[in-house]
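Visitor: Here is a sequence with its predicted model. Questions after.
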Amino acid sequence: MPEGWGWCRIGDLAIVARGGSPRPIERYLTNEVSGVNWIKIGDAEQGGKYINSTKQRIRKEGVSRSRFVRAGDFLLSNSMSYGRPYILNIDGCIHDGWLVIAPINNSINKDFFFYLLSSDFAYQQFSKQASGAVVSNLNKDKVADAYIPLPPYREQVKIVKVIEAIKVWIEVIEIEQDTLSSLLSRSKEKILELAIHGKLTPQDLNDEPAIELLRRLNPAFVPAHNLHYEGELPNGWCFSTIGDLFQHNTGKALNGRDHIGEELRYITTSNLYWDRFDLTEVRTMAFTEAEKEKCRATKGDLLVCEGGDIGRSAIWPYDYDVMIQNHIHRLRPKGNISVRFYYYIFLLYKQMGLIGGKGIAILGLSSRELDKMVVPVPPVPEQHRIVTVIENLFAQMDALASNLS
């Protein structure tokens, strides 16, 4: 303990008592101005410090069956969210959902006492003292027996000033944190916009034009036109469709009566998140030999949600295969392209509201709609360069966001 401090019990400084409820309660409730304030849990603001008013009043004849409290007393919630302190700025009566802590002398500063009662140190003691088979309640005698540290009065005042100065800075930091987090999110979207317009990395005239790759995949290839793309395409780029670049199909629909085939693990949209998979819970169902090839995802496949959060995507990163359910599209590249680049295309289109949005956006993602989705195609080496820059920038932003939290 610091010099001049001492330990004491709450009961050494205050009277601790439990509220009471008049019966029948309807007989005593009124909105008359002449009534006595009836202080309920709902009169306290969540996360607030004071109780300044009440919504209901008790007639004077009901006061004897309740507990009368005065401005300057402390109330401690004594219900499911027990242990939250408030300072009263009004007189009134309380029911048994409250404990009142009424200081009996001026040895403790009310603001210091409030912060002390709000502390984890106090709450841990209250938690040990709580009892009840179904709903935990605080016993007034045990709360009175809880120990607290007591500094000299002048030091209490200094501590309060420091706490409240720090709280102001915390509020400022939280506002700035929210602003910066929003800025980071918008910056990521802007980076992706620059990427698909060829403004994130310089073009290299030695790169093979994208149209040559697409003509090798399909000699009858005809460039597509994208209504959502602003400005000229960079040199060596062209528009294509997902169907030109990827072989794609959905998985198998779950049928509880179908037990033909081998029981294999499969994933659903609940396992598929942006750029990751949650495999905590993976179920099995039967797949025939013909279904296995159609519904199997292997390392490097781009998996896209057809339902749920439409367009949500991730690349299967594991060395083992997995089956997919019918609300997931499996995209397997037809040629030597950067699958990662097209993952970022889906992420950007989702952020722009072009997938699962309104108006001219893709509201669902059927195989037909996916097949005709128009995307920009840079030369393959440039696709890889763009992905490298995106991921370096995103890593720096993620590190900054982590430091913020």
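Guide: Yes, it's here. Source: prediction; values computed, not measured. Residues are numbered from 1 along each chain as shown.

Visitor: State which helix of the protein is the longest.
Guide: When the chain is parsed with DSSP state H, its longest helix is helix 153-196.

Visitor: ok, then the element right after that helix?
Guide: Using DSSP states H and E, the helix or strand that follows helix 153-196 towards the C-terminus is helix 210-217.

Visitor: and after that next one, which helix or strand comes next?
Guide: As assigned by DSSP H and E, the chain's next helix or strand after helix 210-217 is strand 238-241.

Visitor: Now that next one: average pLDDT?
Guide: Averaged over strand 238-241, pLDDT sits at 93.

Visitor: Quick one: residues in contact with it.
Guide: Applying CB atoms under 8 Å, 6 or more residues apart in numbering, the contact partners of strand 238-241 are 209-211, 214, 221, 223-226, 229, 233, 371-377. C-betas here are computed from N, CA, C, even on glycine.

Visitor: how about 6 Å then?
Guide: The contact list for strand 238-241 (CB atoms under 6 Å, 6 or more residues apart in numbering) reads 210-211, 214, 223-224, 226, 372, 374, 377.

Visitor: Buried only: go through the residues you listed for me.
Guide: 210-211, 214, 223-224, 226, 374, 377 (16 or more other CB atoms under 10 Å).

Visitor: Could you pull out the helices in the stretch 201-350 of the chain for me?
Guide: Along the stretch 201-350 of the chain, the stretches classed as helices by DSSP state H, counting those that start in this stretch are 210-217, 242-245, 289-295, 339-351.

Visitor: quick one on the thing from earlier: by contact count, what packs against the longest helix of the chain?
Guide: helix 110-118, helix 339-351, helix 380-404 (3 or more CB pairs under 6 Å, 6 or more residues apart in numbering; DSSP states H and E).

Visitor: and stretch 146-153, which residues are buried?
Guide: Judged by neighbour count using 16+ other CB under 10 Å, the buried positions of stretch 146-153 are 146, 148, 150-151.

Visitor: Look up the pLDDT of the residue of the chain most remote from its centre for me, please.
Guide: Distance from the C-alpha centroid of the chain, by CA atoms, centre = their mean, peaks at E61 (49.4 Å). Reading off the confidence values, E61 has pLDDT 73.

Visitor: do you know how far H95 is from S77?
Guide: 11 Å (CB to CB, to the nearest Å).

Visitor: The two: which has the busier surroundings?
Guide: H95 (20 against 17; other CB atoms under 10 Å).

Visitor: I'd say that one and G19 touch.
Guide: Yes: the criterion here is CB atoms under 6 Å, and H95 meets it with G19 at 4.8 Å.

Visitor: Can you read off the pLDDT for P234?
Guide: P234 carries a pLDDT value of 91.

Visitor: residues near the nearest residue to it once chain neighbours are set aside, how many?
Guide: Nearest non-adjacent residue to P234, counting by CB to CB, 6 or more residues apart in numbering: G198, 3.1 Å away. Residues contacting G198 under the criterion other CB under 10 Å number 20.

Visitor: With G231 as the reference, measure out to G198.
Guide: 9 Å.

Visitor: Please apply the same query to P151.
Guide: Distance check for P151 against G231: by CB to CB, it reads 67 Å.

Visitor: One more: I159?
Guide: For I159 relative to G231 (CB to CB), the value is 60 Å.

Visitor: In terms of neighbours, single out the busier of the two.
Guide: I159 (16 against 8).

Visitor: A44 versus the more buried one, what's the distance?
Guide: 24 Å.

Visitor: now A290
Guide: Taken as CB to CB, the span from A290 to A44 is 64 Å.

Visitor: which residues touch H259?
Guide: By CB under 6 Å, 6+ apart, the contact list for H259 reads A286.

Visitor: so what's the backbone phi/psi at it?
Guide: The phi and psi values for H259, taken as degrees, to the nearest 10, are phi -120, psi 20.

Visitor: Report pLDDT for it.
Guide: H259 is assigned a predicted lDDT (pLDDT) of 79.

Visitor: neighbours around K40, how many?
Guide: For K40, the neighbour count with other CB under 10 Å is 17.

Visitor: can you check P378 too?
Guide: Neighbour count of P378, defined by other CB under 10 Å: 27.

Visitor: ok, the closest residue to it other than its chain neighbours to F341 distance?
Guide: Leaving aside its sequence neighbours, P378 sits nearest to W237 (CB to CB, 6+ apart; 5.1 Å). Computed with CB to CB, the distance linking W237 and F341 is 12 Å.

Visitor: And I355, by the same measure?
Guide: From I355 across to F341, the span is 17 Å (CB to CB).

Visitor: for the helix-or-strand element of the chain with minimal mean pLDDT, the distance to its chain's centre please.
Guide: Here the helix or strand of the chain ranked lowest by mean pLDDT, DSSP states H and E is strand 29-30, holding a mean of 71. Mean C-alpha position of strand 29-30 versus that of the full chain (CA atoms, centre = their mean, to the nearest Å) differs by 41 Å.

Visitor: That one pairs with which strands?
Guide: When pairing is defined by DSSP bridges, strand 29-30 lines up against strand 56-58 (antiparallel).

Visitor: Show the model's pLDDT score for V36.
Guide: 87.

Visitor: Which residue is the nearest non-sequential neighbour of it?
Guide: Using CB to CB, 6+ apart and skipping residues adjacent in sequence, the residue nearest V36 is I58, 4.9 Å away.

Visitor: Touching, the one you found and I39? I think so.
Guide: No: with contact defined as CB under 6 Å, I58 does not count as touching I39 (9.8 Å).

Visitor: which of the two has more neighbours?
Guide: Legend: neighbour count by other CB under 10 Å for I58 and I39, higher for I39 (30 against 24).

Visitor: residues near the closest residue to the more buried one other than its chain neighbours, how many?
Guide: Using CB to CB, 6+ apart and skipping residues adjacent in sequence, the residue nearest I39 is G92, 4.6 Å away. G92 has 27 neighbouring residues, counting by other CB under 10 Å.

Visitor: quick one: contacts for the residue lying closest to K60 once chain neighbours are set aside?
Guide: Closest residue to K60 apart from its sequence neighbours, by CB to CB, 6+ apart: V36 at 6.2 Å. Residues near V36 by CB under 6 Å, 6+ apart: 57-58, 63, 93.
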